[in-house]
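A.B. asks: sequence first, predicted model second:
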Amino acid sequence: MGSGTKPIVDRTQYKQDFVIFTPRMDLFTLIPRTLIGVAYPGFASLKAVLSDSPESSVAWMKYWVVLGVFSVVELLLDPVLNPLTYSFPTYLIIKCLFLAWCMAPIEFNGSDVIFNNILFPIFKEHHEQIEEQAENTKMTVMQKLGLCIKKEKDDKGEKIEKSDLKKME
């Protein structure tokens, strides 16, 4: 073989391994979910705030709480709920229908049902522990950010002051 030629590789000799977890948040799932679950509710929430309607504002606040919890649960359970790539259309339709139910202008919409019967009772019962964990997480993140800022300033030869960390609190 000359110096400019490459050896021929027989690709059939390589065994293909299956990947157990692959993210499926491609454009086909992200665009409809974002339009239905975020863009329209964002617009409607802004209208509710500008209209000075407390009922409408509270309804949209419940929606955003439910959406946040739904997004975390979906992230954790996606490999279980949608393990097969060919089940995508059904899974996407079910998610979009769920989001539409959560924002539907009906008496028992999804946000009201889920917030009032599941999320709020859990929060009322465990709010002290939830707030304690949230504060611990906040402090941990702030300390990590402080270390990053300190490292960045040290790399630049700057001195970090305690007041720099206080500003982050």
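C.D. replies: Nice, I can see it.
A.B. asks: could you name the helices and strands sitting against the longest helix along the chain?
C.D. replies: Under DSSP state H, the helix in the chain containing the largest number of residues is helix 120-155. Counting by 3 or more CB pairs under 8 Å, 6 or more residues apart in numbering; DSSP states H and E, the packing neighbours recorded for helix 120-155 are helix 162-168. Where you see a C-beta, it was placed from the backbone N, CA and C, and this is true even at glycine.
A.B. asks: I'd say residue 59 and residue 111 touch.
C.D. replies: Yes: if you go by CB atoms under 8 Å, residue 59 and residue 111 touch, sitting 6.9 Å apart.
A.B. asks: out of the two, which sits in the busier spot?
C.D. replies: Counted by other CB atoms under 10 Å, residue 59 and residue 111 do not tie: residue 111 has more neighbours, with 24 against 19.
A.B. asks: next, the contact list for that one, please.
C.D. replies: Residue 111 is in contact with 59, 62-63, 65-66, 102-103, counting by CB atoms under 8 Å, 6 or more residues apart in numbering.
A.B. asks: outside of stretch 113-122 itself, list whatever touches it.
C.D. replies: With CB under 8 Å, 6+ apart, stretch 113-122 has contacts from 62, 65-66, 69, 102.
A.B. asks: are any of those residues buried, and which?
C.D. replies: 62, 65-66, 102 (16 or more other CB atoms under 10 Å).
A.B. asks: which two of those residues have the greatest separation?
C.D. replies: 65 and 102 (10.4 Å; CB to CB).
A.B. asks: tell me which helix or strand residue 105 sits in.
C.D. replies: Under the criterion of DSSP states H and E, residue 105 resides outside all helices and strands.
A.B. asks: what does the pLDDT read for it?
C.D. replies: Residue 105 carries a pLDDT value of 89.
A.B. asks: do residue 77 as well
C.D. replies: 83.
A.B. asks: quick one: it from residue 32, how far?
C.D. replies: According to CB to CB, to the nearest Å, residue 77 and residue 32 sit 19 Å apart.
A.B. asks: equivalent analysis for residue 60, please.
C.D. replies: Counting by CB to CB - residue 60 and residue 32 are separated by 20 Å.
A.B. asks: ok, residue 71 next?
C.D. replies: 15 Å.
A.B. asks: same question for residue 79.
C.D. replies: Distance of residue 79 to residue 32, computed by CB to CB: 20 Å.
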